[in-house]
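Peer 1: Show me how the following folds:
(one chain, ligands or ions: 1)
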Amino acid sequence: MEKQESIRNLKGIGEKTEKLFHILGIDTIQDLLDYYPREYEQYRIPVSVSMVQAGKKIAVLGKITQSISLRNTGRLTLVTATLKEAGRELQLTWYNMAFLKKTLVFGGTYIFRGVVSEKKNRLVMEQPEIFTKEQYQTMQNRLLPIYSLTKGMTNKMIAKMVRQVLEEKEIEQEYLSEKIRTSCQLAEYNYAVQEIHFPKNRENMILARKRLVFDEFLIFLLSVRQMKETVKNEKNLFGIKPVSETEALIQSLPYSLTNAQKKVWQEIQKDMTGEKLMARLVQGDVGSGKTILAFLAMLLSAQNGYQAALMVPTEVLAVQHFEGLKQLLEEHQLDFEAVLLTGSIKAKERREIYQKIENGKAKLIIGTHALIQENVNYKNLALVITDEQHRFGVHQREDLSKKGKRPHVLVMSATPIPRTLAIMLYGDLDLSVIDELPANRLPIKNCVVDTSYRKSAYRFMQKEIAEGRQVYVICPMVEESEGLEAENVLDYTKKLRQEMPPEISVGFLHGRMKPAEKNKIMEEFSENKIQILVSTTVIEVGVNVPNATVMMVENAERFGLAQLHQLRGRVGRGEHQSYCIFMQGGTKKEIKERLQILVESNDGFFIAGEDLRLRGPGDLFGIRQSGILEFKLADIYQDAAILKEASIVADEILEKDPHLESEEYKGLKNRLEFYAKEQMKRPGI
Ligand SMILES: Nc1ncnc2c1ncn2[C@@H]1O[C@H](COP(=O)(O)OP(=O)(O)OP(=O)(O)O)[C@@H](O)[C@H]1O
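Peer 2: Numbers count the residues shown, from 1 in each chain. Model (predicted):
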């Protein structure tokens with residue numbers, strides 16, 4: 001198969017569908033195969049009518065006991081039938097499917113599958129699928145893939161196209177040797193792709209997933225380790241010297257640095273002024289004060305006459321850091337020019353910025369991926385800082401480094417990764433940990449509630465807003481999506497605007513908005529022109545509005561605990577008491593217990609560990625710590641054992657053949673190159 005063959009060559013994809021696939025990041029056939037299901041749906045054993053409950057998607061076995069009716073209501077034709085058993089009734093309704101009046105048999109027994117709701121005291125199932133007993137038997141217990149969608153795209157469409165590729169195209173040849181597969185007990189690649197999309201049963205899916213997770217880790221580790229050879233032990237030719245101004249600046253900050261911040265700053269300074277180039281990862285829990293350390297390092301570089309660049313994953317964050325840095329410069333009368341470079345800056349201004357970067361006038365440079373575009377040329381870049389490394393690929397970090405003559409590299413991360421895993425994953429970096437929060441923080445008060453508490457939560461928000469504070473509400477989705485019952489930002493905002501008095505301004509934010517719009521909303525929120533911000537997790541990374549004191553997370557069960565911890569880190573960043581309400585969209589006891597961990601602890605490392613312990617090996621797809629590193633399927637916590645295996649294999653391979661030149665590794669090398677290109681395609685959010 002030509003991996004880069006466009007999906008346009010598949011039967012049934014026209015211009016419109018191609019665009020929808022593009023929104024999902026699928027342009028080629030390989031992209032499509034790599035678009036793994038978000039979860040699976042199972043055709044479970046059907047229940048009888050007497051067991052039916054509203055609110056669930058189920059299969060019901062029943063006999064049609066009343067005549068089947070066909071009505072016209074304006075533009076719609078309506079077919080209805082009723083199932084009755086032991087005094088309980090379920091009404092079935094189909095729209096614009098008049099032919100059913102003829103095909104369904106009065107008195108016939110069928111299995112109907114759909115969502116049951118309660119309307120005017122009646123249980124109703126709308127647009128159910130219809131099966132005979134025999135048909136259903138062939139489906140029973142199969143796992144059907146559920147993909148993440150965008151408006152206009154259906155699950156059926158994605159599944160159909162994946163099926164077409166699997167059936168009609170010759171997919172990739174195996175690229176792991178039999179020896180590796182046997183020693184690590186891995187399924188073959190082709191089997192894995194087939195069974196991850198359409199597993200015959202759960203066991204096959206688990207095997208398939210293991211193979212693909214292993215692949216993701218192996219490819220990642222090979223790229224990191226190949227780079228390691230080029231970064232570590234490089235000589236520091238910049239001759240950066242410690243300067244008294246940074247010490248003076250630290251003394252005149254409105255707060256004193258915590259001991260942990262001081263320790264890490266010493267480590268950074270020692271690296272930058274030492275004999276070898278810095279290659280350091282700074283890990284610090286949410287709100288632990290990483291940003292000021294990044295600024296200090298940038299200033300040290302500028303004071304020695306060099307440029308420093310800070311690359312962040314979102315425009316919102318780039319603007320926030322830029323404003324913060326400018327304020328610091330003004331307050332301390334430091335005469336360095338700082339520039340902001342993001343995708344939404346207009347051509348004329350952009351050209352001016354390019355010039356200032358090229359002639360060295362701009363010493364402090366903050367931006368998004370725009371910093372690594374081809375036409376950005378740095379005069380004397382000595383320091384590269386990437387914030388929240390997991391959002392970038394390792395290659396992007398390298399691309400920025402290549403812009404200078406091997407600059408110092410500093411990576412900031414709030415992801416709590418245990419030391420043993422961090423060493424495996426970031427083998428090319430030294431590790432510093434900020435293991436202490438500023439002393440002035442009041443611990444956040446947390447609670448886990450179900451949706452019956454929503455009204456009280458709204459009253460509580462109003463009370464806080466009346467005190468001058470602000471609120472975040474997090475929803476898992478941007479817009480309504482087929483087959484997924486979870487709150488979405490667009491509908492929720494409308495609902496909330498109706499619930500709240502008119503003087504409270506409700507704004508919304510999500511990753512699909514244009515960067516300029518997002519910046520505008522964030523600016524208005526920072527200035528308290530918006531009191532409630534309804535958002536997806538796009539605000540999870542680094543946003544700092546200390547006046548916001550309430551966070552409510554809708555459908556909290558849909559997020560991993562580590563991610564919820566990051567999210568809640570958006571409040572409790574100032575002097576006011578803050579609150580976090582985890583709203584559970586259901587009443588499952590296990591979920592409540594899992595979320596309860598957040599109430600009991602505020603320690604990111606502990607939370608990640610507990611999350612893993614509670615989830616256990618069965619929960620492969622339910623909830624992932626989305627956002628951590630760039631894996632599609634792998635979860636560093638849950639799949640730590642596979643990571644270890646992949647790490648050993650990566651070392652063995654590189655020891656034998658450091659540049660993967662032998663025939664044995666040809667396929668693997670191709671895969672690595674494909675992965676590197678793939679990363680460059682990743683859009684900044
Ligand atoms: N030692 C300190 N004492 C008091 N406040 C501090 C201290 N250090 C930083 N701050 C303030 O704490 C807030 C959070 O800091 P910062 O934005 O650097 O957090 P962070 O570590 O980047 O967290 P996140 O990963 O959540 O973005 C900022 O308002 C910052 O000014």
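Peer 1: D31 is in contact with I7, isn't it?
Peer 2: Yes - if you go by CB atoms under 8 Å, D31 and I7 touch, sitting 7.5 Å apart. C-beta: built from backbone N, CA, C; applies to glycine.
Peer 1: Near the ligand, which residues of the chain are found?
Peer 2: Applying CB under 6 Å from any ligand atom, we find that the chain lies next to the ligand at 255, 257-258, 261, 284, 286-292, 414, 438, 440, 542, 544, 546, 569, 573.
Peer 1: Tell me which of these fall in strands.
Peer 2: G284 (DSSP state E).
Peer 1: Pull out the buried members of the residues of the chain next to the ligand.
Peer 2: 257-258, 261, 284, 286-292, 414, 542, 544, 546, 569, 573 (16 or more other CB atoms under 10 Å).
Peer 1: Restricted to helices, list the residues you listed.
Peer 2: Counted as lying in helices by DSSP state H, out of these, are 261, 291-292.
Peer 1: tally of neighbours for N201?
Peer 2: N201 has 11 neighbouring residues, counting by other CB atoms under 10 Å.
Peer 1: give me the number of residues near the residue nearest to V550 when sequence neighbours are not counted?
Peer 2: Spatial nearest neighbour of V550, excluding adjacent residues (CB to CB, 6 or more residues apart in numbering): V471 at 4.3 Å. For V471, the count of nearby residues is 29 (other CB under 10 Å).
Peer 1: Low-confidence stretches in the protein?
Peer 2: 1-3, 172, 227-233, 388-404, 428, 481-484, 540-542, 612, 614-630, 678-685 (pLDDT under 70).
Peer 1: quick one, domains of it?
Peer 2: Domain assignment for the chain by automatic domain parsing gives 44-140, 233-434, 445-601+603-614.
Peer 1: among those, which is nearest Q638?
Peer 2: domain 445-601+603-614 (5.9 Å; CB to CB).
Peer 1: any idea how far K160 lies from Y147?
Peer 2: Counting by CB to CB, to the nearest Å, the gap from K160 to Y147 is 11 Å.
Peer 1: Check I58 too.
Peer 2: Distance from I58 to Y147, by CB to CB: 22 Å.
Peer 1: More neighbours: those two, which one.
Peer 2: A count of neighbours by other CB under 10 Å puts Y147 above the other of I58 and Y147, at 22 against 19.
Peer 1: The more buried one is in contact with Y40, isn't it?
Peer 2: No - with contacts counted by CB under 8 Å, Y147 stays clear of Y40, the gap being 10.5 Å.
Peer 1: Could you report the neighbour count for A309?
Peer 2: 29.
Peer 1: Determine how far the longest helix belonging to the chain lies from the middle of the whole chain.
Peer 2: Ranked by number of residues, the top helix in the chain under DSSP H is helix 202-231. Relative to its chain's centre, helix 202-231 lies at 19 Å (CA atoms, centre = their mean, to the nearest Å).
Peer 1: In terms of secondary structure, what does it contact?
Peer 2: helix 189-197, helix 394-402, helix 419-425, helix 640-656, helix 666-681 (3 or more CB pairs under 8 Å, 6 or more residues apart in numbering; DSSP states H and E).
Peer 1: buried stuff in stretch 38-57?
Peer 2: 40, 43, 46, 49, 52.
Peer 1: correction: stretch 17-28
Peer 2: Result for stretch 17-28 [16+ other CB under 10 Å]: buried residues 17, 20-21, 24, 26-28.
Peer 1: what distance separates the start and the end of it?
Peer 2: One end of stretch 17-28 to the other measures 13 Å (CA to CA, to the nearest Å).
Peer 1: Check what contacts that stretch and list those residues.
Peer 2: 3-8, 13, 31-32, 35, 148-150, 152-153, 157, 681, 683 (CB atoms under 8 Å, 6 or more residues apart in numbering).
Peer 1: again with stretch 439-449
Peer 2: The contact list for stretch 439-449, computed with CB under 8 Å, 6+ apart, reads 255, 258, 287, 457, 556, 568, 571-573, 575-584, 592, 595-596, 598-599, 602.
Peer 1: Now restrict those to buried residues only.
Peer 2: Buried members of the contacts of stretch 439-449, counted by 16+ other CB under 10 Å: 258, 287, 457, 556, 568, 571-573, 576, 578-584, 592, 595, 598, 602.
Peer 1: In helices only, show me those.
Peer 2: Using DSSP H, the buried ones among the contacts of stretch 439-449 in helices are 457, 568, 592, 595, 598.
Peer 1: possible to save those residues as JSON lines with distance to T420?
Peer 2: Below are those laid out as JSON lines (distance: CB to CB, whole Å):
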{"residue": "A457", "distance to T420": "40"}
{"residue": "R568", "distance to T420": "26"}
{"residue": "K592", "distance to T420": "31"}
{"residue": "L595", "distance to T420": "27"}
{"residue": "L598", "distance to T420": "24"}
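Peer 1: Tell me the one among these nearest to N190.
Peer 2: Using CB to CB, those come closest to N190 at L595, 39.6 Å.
Peer 1: I'd like to know how far that closest one sits from H565.
Peer 2: 11 Å.
Peer 1: Let me have the helices and strands packed on helix 202-231 in CSV, extended by mean neighbour count and distance to T493.
Peer 2: As requested, the helices and strands packed on helix 202-231 are exported to CSV (neighbours: other CB atoms under 10 Å; distance: least, CB to CB, whole Å):
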stretch, mean neighbour count, distance to T493
helix 189-197, 21, 35
helix 394-402, 21, 33
helix 419-425, 16, 37
helix 640-656, 17, 39
helix 666-681, 16, 31
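Peer 1: Out of the ones you listed, which gets nearest to T273?
Peer 2: Once those are compared by CB to CB, helix 394-402 is nearest, at 19.0 Å.
Peer 1: quick one: the helices in the stretch 401-550 of the chain?
Peer 2: All helices of the stretch 401-550 of the chain, identified by DSSP state H, counting those that start in this stretch, fall at 419-425, 454-466, 489-499, 515-526.
Peer 1: Can you tell me which of those is packed in deepest?
Peer 2: Of the helices of the stretch 401-550 of the chain, the one with the most neighbours on average (mean count of other CB atoms under 10 Å) is helix 515-526, at a mean of 18.
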